[in-house]
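Colleague: Test case, fold it:
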Amino acid sequence: MPLPARSTFACAGLMLLCAVPLARASDAAELTLYRSDSPALYAASGDGSVGEGYAVAREQRTLALKSGMQDLTLGDLPLYLDPEAIALALPAGQARVVSQRLLLGQGNEAALTGLVGREVDVLGGSGQSLANGTLLRAGNGLLVRSALGTTLVRDYAAVRSSGGEFPTGASLRLRVDAARAGQAAATLSYPTAGLGWRAAYVATLEAGQACRMRFESRASIANRSGRDWNGVTLKLVAGEPRFAKPSGPQPMMARAFSAKAEGAMPEQSSLADYRLYTLPHAVDLPDGSVSQVPLYAERGLACERTALYENGNRWTPPQPMLAPDFDTGGGNAVESTLRFTAFDSLPAGYLRVLGSDNAGTPQFLGEGRIDDTPKGSDASLTLGTAFDLRGERERTSFKLDKAARTMDEAFRIALTNAGPSARVVTVREHPSRWREWALASSSIKPAKQSPDLLEFKVNVPAGGQATLDYAVHYRWNAE
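Modeller: So this is what the prediction gives:
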């Protein structure tokens with residue numbers, strides 16, 4: 001059918017220059033993902049790709065080579081590549097890469113970049129076919145080659161892929177010098193943004209007086225790279241490598257994923273100063289998805305819950321602080337904290353803590369971030385503010401003797417408990433007027449004492465209150 005004159009332009013003589021064979025991506029790809037805490041990667045809303053995170057991809061590509069110099073296109077690449085780090089490994093002696101150019105899949109024709117080199121049908125506003133053939137170029141119009149010649153279509157309504165696929169992303173144009181014709185198995189490797197992972201933990205507290213919990217470990221894997229990844233071998237790196245370059249250019253509904261075989265867990269190993277987790281099965285990572293896979297098998301863990309009233313922090317002043325009103329203390333909130341010992345290397349991530357209500361239904365109690373935690377180390381987080389507990393801190397005396405270079409200071413801490421059962425509140429005080437101090441007196445013996453900490457365990461009866469009195473003596477020399 002003849003095409004309207006306003007919609008097409010002949011591209012005579014460009015057939016040899018524009019015909020660029022396409023090297024399609026293999027399903028046998030490997031991804032190494034690095035941890036990222038970017039909120040944009042894991043958001044359950046949004047409508048586009050994200051230039052955050054870091055991953056290294058290795059793909060097997062089959063190239064149909066002719067003898068001599070030729071141009072090839074490697075399509076279906078993610079959007080946020082590092083052009084300086086793309087590498088194509090060809091069989092020794094078969095061919096060499098003369099030059100390469102990365103074409104970003106962005107702009108009005110971004111979705112068409114991956115169709116370059118494929119058979120397409122370009123449609124007009126009423127559904128009529130404007131051009132049918134091999135797509136040679138997508139950008140400032142569509143360049144299509146058919147048996148009748150090459151056509152440039154500027155005004156069109158839709159593009160249909162005859163192969164049933166509609167790849168997305170960027171493409172890589174290569175100029176290759178081949179020693180001989182034939183099929184070449186090449187390995188394409190590149191770093192890309194738009195992919196990342198972080199640990200996601202869930203702890204469900206068990207009923208009873210002792211602190212016990214069921215601990216689930218998962219890896220949350222985000223793909224906002226601008227392309228799908230199907231059947232990929234996945235490796236996850238835990239740790240913090242240094243990235244000298246800034247991220248590339250800057251989500252959709254999350255899809256859940258579980259391991260294909262019950263009980264199959266990632267294999268853990270060392271990678272220089274980091275930890276490496278290799279998933280036991282190939283996975284699919286659709287673009288605009290957040291997938292989850294088990295990291296460790298679910299297990300029971302001992303834990304420690306603390307009702308904490310803390311004032312000050314671990315800060316040492318450069319000189320004695322002599323003002324009478326220095327360090328008046330914080331508010332009256334008593335925080336609920338949780339601590340446990342890592343049973344294995346725990347990559348950084350977020351821990352959600354659940355507890356059962358009177359009907360036995362798990363309910364959310366709090367959430368916090370834990371850092372990279374080696375095996376045998378403690379991890380702790382604050383769950384929230386205890387509803388029935390309150391604290392109040394009052395300075396009861398202060399005496400300064402500049403001539404003797406001494407200070408004496410005393411505090412009273414009153415704790416109230418409106419709940420139906422007695423509670424133990426941990427009081428942490430940080431004497432911070434000067435680095436040299438001693439505990440002069442206390443109504444309760446400290447449970448822990450260090451150069452920057454006094455810790456007391458205070459029993460507070462149900463529906464009642466308890467007080468703690470203590471005094472600190474500071475001294476310093478002329479220097």
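
Colleague: I'd like to know how many residues surround the closest residue to Ser432 other than its chain neighbours.
Modeller: Distance criterion C-beta to C-beta, 6 or more residues apart in numbering; nearest residue to Ser432, sequence neighbours excluded, is Gly312 at 5.2 Å. For glycine as for every other residue, the C-beta is placed from the backbone atoms N, C-alpha and C. Applying other C-beta atoms under 10 Å, we find 17 residues neighbouring Gly312.

Colleague: Who is Val159 paired with across the strands?
Modeller: Applying DSSP bridges to Val159 gives these bridge partners: Val122.

Colleague: For it, which residues are in contact?
Modeller: Residues counted as contacts of Val159 (C-beta atoms under 8 Å, 6 or more residues apart in numbering) are 112, 115, 120-123, 135, 142.

Colleague: next one: Thr426
Modeller: Counting by C-beta under 8 Å, 6+ apart, Thr426 touches 306-309, 447, 455-458.

Colleague: that older thread, now which of the contacts of Val159 would you call buried?
Modeller: 112, 115, 120, 122-123, 135, 142 (16 or more other C-beta atoms under 10 Å).

Colleague: From those residues, pick the one nearest Asp228.
Modeller: Taking C-beta to C-beta as the measure, Asp228 lies nearest Leu115 of the buried ones among the contacts of Val159, at 14.5 Å.

Colleague: Without its sequence neighbours, what residue ends up closest to that closest one?
Modeller: Of all residues not flanking Leu115 in the chain, Leu135 sits nearest, at 5.1 Å (C-beta to C-beta, 6+ apart).

Colleague: Quickly list what that neighbour is bridged to.
Modeller: Under the criterion used (DSSP bridges), Leu135 bridges to Val144.

Colleague: ok, it touching Asp121?
Modeller: No. Using C-beta atoms under 8 Å as the test, Leu135 is too far from Asp121 to be in contact (10.0 Å).

Colleague: pLDDT value on the most far-flung residue of the chain relative to its centre, please?
Modeller: If you look at how far each residue of the chain sits from its centre, by C-alpha atoms, centre = their mean, the farthest one is Ala403, at 56.7 Å. The per-residue pLDDT reported for Ala403 equals 93.

Colleague: same question, Pro280
Modeller: 91.

Colleague: Please apply the same query to Ala158.
Modeller: Ala158 carries a pLDDT value of 88.

Colleague: residues touching it, list them.
Modeller: Applying C-beta under 8 Å, 6+ apart to Ala158 gives the contacts 122-123.

Colleague: So, low pLDDT: which residues of the stretch 201-350 of the chain?
Modeller: Flagging of the stretch 201-350 of the chain using pLDDT under 70 yields the residue ranges 244-263, 328, 330.

Colleague: in it, which spans are strands?
Modeller: 212-223, 229-238, 267-271, 274-278, 283-285, 289-302, 304-311, 333-341, 349-356 (DSSP state E, counting those that start in this stretch).

Colleague: Tell me how far Val353 lies from Gly141.
Modeller: Using C-beta to C-beta, to the nearest Å, Val353 is found at 57 Å from Gly141.

Colleague: Distance from the chain centre to stretch 56-65, please.
Modeller: On the basis of C-alpha atoms, centre = their mean, to the nearest Å, stretch 56-65 sits 27 Å off its chain's mean C-alpha point.

Colleague: wait, Trp229 sits on Asp284?
Modeller: Yes. Using C-beta under 8 Å, Trp229 is in contact with Asp284, at 7.0 Å.

Colleague: Mind checking which of those two has more residues around it?
Modeller: In this view Trp229 and Asp284 are compared by other C-beta under 10 Å, and Trp229 has more residues nearby, 25 against 15.

Colleague: Quick one: residues contacting that one.
Modeller: By C-beta under 8 Å, 6+ apart, the contact set of Trp229 is 29, 31, 223, 284-286.
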